Each structure stands twice: as structure tokens, then as C-alpha cells.
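>>> what's the 3D shape of this:
(one chain, ligands or ions: 1)
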Amino acid sequence: MIIGICGSPRRMATEHVLSEALKMLTDQGFLTQLFTVRGKNISPCRHCDYCLKNKECVVEDDMYQLYPLFKEAEGFVIATPVYNGSLSAQTKIVLDRTRATLAADPKALLGKPGMAIAVGGDRIGGQEQAISQIHTFYILNGMIPISGGFFGANLGASFWSKDTLEGVKEDAEGFRSLRKTVKKFAQAIRPGIRPDSKSPDSK
Ligand SMILES: Cc1cc2nc3c(=O)[nH]c(=O)nc-3n(C[C@H](O)[C@H](O)[C@H](O)COP(=O)(O)O)c2cc1C
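Alright, predicted model coming up:
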């Protein structure tokens, strides 16, 4: 199972792009699940260290819907809107709260591939910084950050929404970066997988 996590509080550009990414993966035979922070009650990590002793989080909120999926997931697709040149606070909170997962099992995420999607309202609004921050989370937890590849390189899927759903749907270059990254991500999870004809590479 591949888990897609949407860090936008709205059903708009980020959720649309993440749904498209998961559709591409479903078309290639992967089981996927989308988790969104929209409408959820997820508080920041308190750094109380309860999880280090008790192997679970003391804050009993909607993060408990996500904890079992972390363990189950073979791969992660984390999608964030760009807020102030980086992740949304909602995305960051989810990343911080995985501390409880790692406290229970330090190897819970080890070796799992992860890719990142960033959607900004501006053309160059901090998408790469947001992607790098998600990649840093992957690295810190022993995961494998996946880029779109080295020729026509991209770090991950980077979108320009112009602050609208229509804008993101029109971003052909963004979708090119998404297809490239999804292809590499699928190959990392299932080495030897034949690239889907619906998911062409850069061209
Ligand atoms: C608090 C806030 C800060 C934002 N900062 C940036 C920014 O630094 N760079 C940028 O490109 N877009 C920025 N935006 C615009 C959003 O990234 C853009 O509208 C995006 O499409 C939102 O994703 P959504 O449609 O999934 O909600 C900001 C939006 C908000 C609400």
C-alpha cells in the first residue's frame, strides 16, 4: 500500500495533484490510500517524550487515523502547499508527530521510498525548498527520497497553481515533473516494474 498525505486544509490544488499521482500509481497496480489533514484535528508535537516511554503518542487526536497507515505503507507520497516559501504548518505537524511511530519502532520507515509534491501560488514561490524539507524528513528516518531523475532533473513534483484549481490543472510543466517522479518512485518500490504507457517520462 502507498500512502498519500495531503497537507492542505482545502480541497483544492494540492489535493487534486496528489489524487492524480495516486491514480497514476493505481493504474500501475499499486494499492493507494489518501489521507488529508483537511477537516482533521491534529495538534503539534508537545515534546513531552511520553512516546519514548510508552511507545505511543499522548495526544489522542486524528493522528491516530494515520499511525497504523505509516506502518502498513510501502511508500510515501507527501504533498504540501507552499506557505511562506516552505511546508504548510499542517504538513510539518504530521511529520513531527511521526516521532511516536519511530519511538515505538525505530525501523518503522527504514528503506521505504518517499516522494514529494509541492504546490505554490507563485511560479518560483519556494516549491523546491518545501520538497527539500520533505526529503530531509525522509533522510532523517532512513527512507529513500525519490527525485524525478537526473536528465531534465527535478527534485520532485513542483506545481504553480496561480492560487486556483484551474491554474494547477493547466500547469503542464508541473505534471511533467509529477510523471517523472511517479515513474522513479514506482521503480523504487517494485524494481523491474515496466513503466506504464500512461505515465510517459519527460517527453
Ligand atoms: C499562509 C499562506 C502562505 C503562502 N505562501 C506562499 C509562498 O510563499 N509561495 C507561494 O508560491 N505560494 C504561497 N501561498 C499560496 C499557496 O501555496 C497556493 O494558493 C496553493 O495553491 C495552495 O494550495 P491548495 O490550493 O491546495 O490550498 C501561500 C498561501 C497561504 C495561505
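
>>> tell me, what residue is most central in the protein?
Against the mean C-alpha coordinate of the chain, by Cα atoms, centre = their mean, the closest residue is I78 at 0.7 Å.

>>> and that residue, bridged to which residues?
Beta-bridge partners recorded for I78 (DSSP bridges): I5, A116.

>>> Could you check the pLDDT of whichever residue of the chain sits closest to the ligand?
Evaluated by Cβ to the nearest ligand atom, the chain has G125 as its residue closest to the ligand, separated by 1.9 Å. The way it works is simple: take the backbone N, C-alpha and C, and place the C-beta from them, glycine included. With respect to pLDDT, G125 has a value of 98.

>>> do S199 as well
You'll see S199 listed with a pLDDT of 45.

>>> does the residue of the chain closest to the ligand really touch Y83, like I thought?
No: with contact defined as Cβ atoms under 8 Å, G125 does not reach Y83; the gap is 9.5 Å.

>>> List the neighbours of the top helix by length along the chain that are in contact with it.
The single longest helix within the chain, with elements called by DSSP state H, is helix 172-189. Contacts to helix 172-189, defined as Cβ atoms under 8 Å, 6 or more residues apart in numbering, come from residues 2, 17, 20-21, 24-25, 28, 30, 74-75, 77, 113, 115, 117, 119, 144, 146-149, 152, 154, 156-160, 168, 193, 195-196, 199-202.

>>> for stretch 126-136, same thing?
So stretch 126-136 is contacted by 78, 80, 82, 84-87, 91-92, 95, 114, 116-120, 145, 155-160 (Cβ under 8 Å, 6+ apart).

>>> Okay, and which of those residues map to strands?
Using DSSP state E, the subset of these located in strands is 78, 80, 114, 116-120, 145, 157-160.

>>> Secondary structure of P68: a strand, I assume?
No: assessed with DSSP: H, G, I helix; E, B strand; the rest coil, P68 is helix; it does not lie in a strand.

>>> any idea which element F35 lies in?
Assigned by DSSP states H and E, F35 belongs to strand 32-36.

>>> Grab the nearest non-local neighbour of R46.
Spatially, and ignoring its direct neighbours in sequence, R46 is nearest to V59 (6.7 Å; Cβ to Cβ, 6 or more residues apart in numbering).

>>> Can you report how many residues lie near that neighbour?
Residues contacting V59 under the criterion other Cβ atoms under 10 Å number 19.

>>> got the phi/psi numbers for it?
Taking degrees, to the nearest 10, you get phi -90, psi 110 for the backbone angles of V59.

>>> which ones are touching it?
S43, R46, R97.

>>> From the structure, what's the count of residues near the closest residue in space to the residue of the chain closest to the ligand that isn't next to it in sequence?
Spatial nearest neighbour of G125, chain neighbours left out: V82 (5.1 Å); criterion: Cβ to Cβ, 6+ apart. By other Cβ under 10 Å, 25 other residues sit near V82.

>>> pLDDT value on F150, please?
pLDDT, F150: 83.
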